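> this is a predicted model, with the sequence first.
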Amino acid sequence: MPASPEIPYLRRLWAESIDGARANVVPGVLLWSFGLAVVLVYYFVPSTRDLFEWVIAKKVRYGYLYSGISTAIFGGLIPFCYLWWRGKVPSGKVLSWGLFFVIYWSTRGIEVDALYRLQAWLFGDGADWKTVATKVVFDQFLYCPVWSAPLTAVCYGWKDAGFSWKRFWKGVNRDFFLFDIPKVLLSVWIVWIPAAAIIYSLPLALQIPLFNLVLCFFVLIVSVLSKDESQSRDEPSLYGNEKV
């Protein structure tokens, strides 16, 4: 009896997802350590409370404006400048890529802020394990696969197609939906499920600031550890993992 055509597909998806997960293990461990350190400092080092209260005050005062600007800087501008400095931005595309990263992450920052607020309204703002676990499940297994991952794939695909929708749609096929997006989700979940749990352990007003730091830290670490300069086309897709 011939093998089901789904079997090679699933094997390929699993193999490449595992490769992606392995590539993210070291960045993930460093990222979790960094995020957990921030959470522990907040709860157990009283001398730092003034700094956290200052950040909370700025976030509460400026709301979505804070989220848009801070995420544009930490998720877009800083990693982009580093990639540019490393020579991983194609010549002639510095301005267009720079604008893309800043605008894209500004809008995603506002979106993620709305997600965090919605979850606080739905599930509460507690840091107990049940509330945190519920938010992680909602974030990673509903928001990410239904909205965040497809949106990231489309936006970065459009960028990689030279900002041409015509060229982008020519490259969209069955694998784009059944392979590319699931592969990104499976590999990035390894990093961002624990990271999301750490972020949701903080009060609502501190979740976006920590998300910004984690996002920036992750992209910079992956950039440092990247050994293949020819992968500059694919590397920016790691931004989303996060919030893929």
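Arrived safely. Residues are numbered from 1 along each chain as shown.
> show me where the protein has its helices.
For the chain, the helices defined by DSSP state H cover 6-23, 25-44, 49-71, 78-85, 94-123, 129-138, 149-160, 165-170, 174-175, 181-199, 204-225, 239-242.
> F218 and L31 touch, don't they?
Yes - using CB atoms under 8 Å, F218 is in contact with L31, at 5.1 Å. C-beta coordinates here come from the backbone N, C-alpha and C atoms, glycine included.
> looking at these two, which is more packed in?
A count of neighbours by other CB atoms under 10 Å puts F218 above the other of F218 and L31, at 27 against 24.
> so what does A161 have for phi and psi?
Phi and psi for A161, reported as degrees, to the nearest 10, are phi -90, psi 20.
> how close does it get to R167?
4 Å (CB to CB, to the nearest Å).
> between these two, who's got more neighbours?
Neighbours per residue, other CB under 10 Å: of A161 and R167, the larger number sits with A161, 16 against 13.
> quick check, pLDDT for the more buried one.
Per-residue pLDDT puts A161 at 89.
> for it, give me its contacts.
Residues near A161 by CB atoms under 8 Å, 6 or more residues apart in numbering: 167-168, 171.
> let's see that with 6 Å instead.
When contacts are counted by CB atoms under 6 Å, 6 or more residues apart in numbering, A161 touches 167-168.
> over to G109?
By CB under 6 Å, 6+ apart, the residues touching G109 are 67-68, 71.
> for those, pick the one with the most neighbours.
T71 (29 neighbours).
> pull up the gap between it and F34, please.
Taking CB to CB, one finds T71 at 17 Å from F34.
> and if you look at L77?
Following CB to CB, the distance that separates L77 from F34 is 20 Å.
> repeat for F176
Taking CB to CB, one finds F176 at 33 Å from F34.
> one more: L51?
The gap separating L51 from F34 is 16 Å, by CB to CB.
> so which of the two has more stuff around it?
F34 (17 against 12).
> tell me the pLDDT of the residue nearest to that one when sequence neighbours are not counted.
For F34, ignoring the flanking residues on the chain, the nearest one in space by CB to CB, 6 or more residues apart in numbering is F217 at 5.6 Å. The model reports F217 with a pLDDT of 82.
> contact partners for D139?
Contacts of D139 by CB under 6 Å, 6+ apart are A196.
> make that A196, sorry
136, 139.
> repeat that with 8 Å
So A196 contacts 135-136, 139-140 (CB under 8 Å, 6+ apart).
> skip the chain neighbours and tell me the closest residue to A114.
Per CB to CB, 6+ apart, closest to A114 is Y64, 7.7 Å.
> ditto for I69
Once flanking residues are discounted, I69 sits nearest to S106: 7.0 Å by CB to CB, 6+ apart.
> likewise V55?
Per CB to CB, 6+ apart, closest to V55 is P209, 5.3 Å.
> roughly how far does P203 sit from V55?
Applying CB to CB to P203 and V55 gives a distance of 11 Å.
> same deal with A127?
17 Å.
> which one of these two is surrounded by more residues?
Higher neighbour count among A127 and V55: V55, with 17 against 13, using other CB under 10 Å.
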